[in-house]
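Visitor: missing the sequence, but the structure's below:
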């Protein structure tokens, strides 16, 4: 099943992200190896915003290489799996209470919705 | 050495996000199912998938294994390690019992995956941990 046939529309992506709160953010460590952590996120003004600890590994990674991926998924059953991956650059927008807020400036958005799979005729 | 709490968590959860490095060096993420067996994570995917291409280019990966959406206590384990694509036809370890099926995945899907593994259309990926850390409420 080609992925583009089960992709969400931009409106579906926005609606999905607006009702979700948990994502996994992937970054690169100092050696260029992937690292990741779950984060709480918000979908605001058409962009993903998330917070990380100011003294944690994700903030260090993003300071050295801002390339990021943010993956949001739900799996109520196999036939209903949905997911969105936002690729882009993380931009620090503020810091307070030992936490740093980032916004993702997206360069590419991938999505899939298994409910769109139709049996072959 | 995998912390005992992480070892226990990995035995009980399969919902996984696999992060690989694309050929251009940027990270990418794939929601998947992973089974923890003999100290390693096992995932399966299409042999011609982007994940397999990425791993062939750079075997370093990170896996985040997390609780389900409905779990009131969010917990997870981050596993960093190296991924190895096992030879086509390698059987999935212990997929006969229902306990090896993630919730919401029917026996029809399991049989289809097993058939595609046997034919080589899908392959197993094994991730041997180098570094493991707990995240969420157990951290």
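Guide: Looks like it came in fine. Everything numeric here is computed off the predicted structure, so don't read it as measured data.
Visitor: only C-alpha atoms for contact and neighbour calcs from this point on.
Guide: Will do.
Visitor: Scan the helices and strands of chain B for the one with the lowest mean pLDDT.
Guide: Among the helices and strands of chain B, helix B:107-119 carries the lowest confidence by mean pLDDT, DSSP states H and E, at a mean of 80.
Visitor: Which strands and helices lie in contact with that helix?
Guide: In terms of contacts (3 or more Cα pairs under 8 Å, 6 or more residues apart in numbering or on different chains; DSSP states H and E), helix B:107-119 is packed against strand B:122-136.
Visitor: Show me what counts as buried in the least confident helix or strand of chain B.
Guide: Residues of helix B:107-119 classed as buried: B:110, B:113, B:114, B:116, B:117, B:118 (neighbour count, 16 or more other Cα atoms under 10 Å in any protein chain shown).
Visitor: Identify the residue nearest the fourth one in space, chain neighbours excluded?
Guide: When the adjacent residues along the chain are set aside, residue B:116 lies closest to residue B:122, with 5.3 Å between them (Cα to Cα, 6 or more residues apart in numbering or on different chains).
Visitor: what does the second one give?
Guide: Counting by Cα to Cα, 6+ apart, residue B:122 is the residue found nearest to residue B:113 once chain neighbours are left out, at 7.5 Å.
Visitor: and that neighbour, how many residues sit next to it?
Guide: The local packing of residue B:122 (other Cα atoms under 10 Å in any protein chain shown) involves 21 other residues.
Visitor: Then residue A:74?
Guide: Residues near residue A:74, counting by other Cα under 10 Å, number 19.
Visitor: Hmm, it is touching residue A:82, no?
Guide: Yes - the pair residue A:74 and residue A:82 qualifies as a contact (Cα atoms under 8 Å) at a distance of 5.5 Å.
Visitor: Show me what from chain B comes close to chain A.
Guide: By Cα under 8 Å from any Cα of the partner chain, the residues of chain B that approach chain A are B:17, B:19-21, B:25-31, B:60-64, B:69, B:76, B:78, B:80, B:103-106, B:135.
Visitor: and residue B:80, what is it in contact with?
Guide: By Cα atoms under 8 Å, 6 or more residues apart in numbering or on different chains, the residues touching residue B:80 are A:34, A:35, B:60, B:61, B:62, B:63, B:129, B:130, B:131, B:132.
Visitor: my bad, residue A:13
Guide: A:84, A:111.
Visitor: in which helix or strand would I find it?
Guide: Assigned by DSSP states H and E, residue A:13 falls within helix A:10-19.
Visitor: hmm, who's touching the helix or strand just after that helix?
Guide: Sequence order places strand A:22-28 as the next helix or strand after helix A:10-19, per DSSP H and E. Applying Cα under 8 Å, 6+ apart, the contact partners of strand A:22-28 are A:34-41, A:58, A:61-62, A:65-73, B:17, B:19, B:26-29, B:64.
Visitor: filter the residues you listed to the buried ones?
Guide: A:34-39, A:41, A:58, A:61-62, A:65-73, B:17, B:19, B:26-29, B:64.
Visitor: In the beta-sheet assignment, what are the partners of the spatially most central residue of chain B?
Guide: Residue closest to the average C-alpha location in chain B (Cα atoms, centre = their mean): residue B:34, at 2.9 Å. Assessed by DSSP bridges, residue B:34 has beta-bridge partners residue B:43.
Visitor: Having no further points to raise, I will conclude here.
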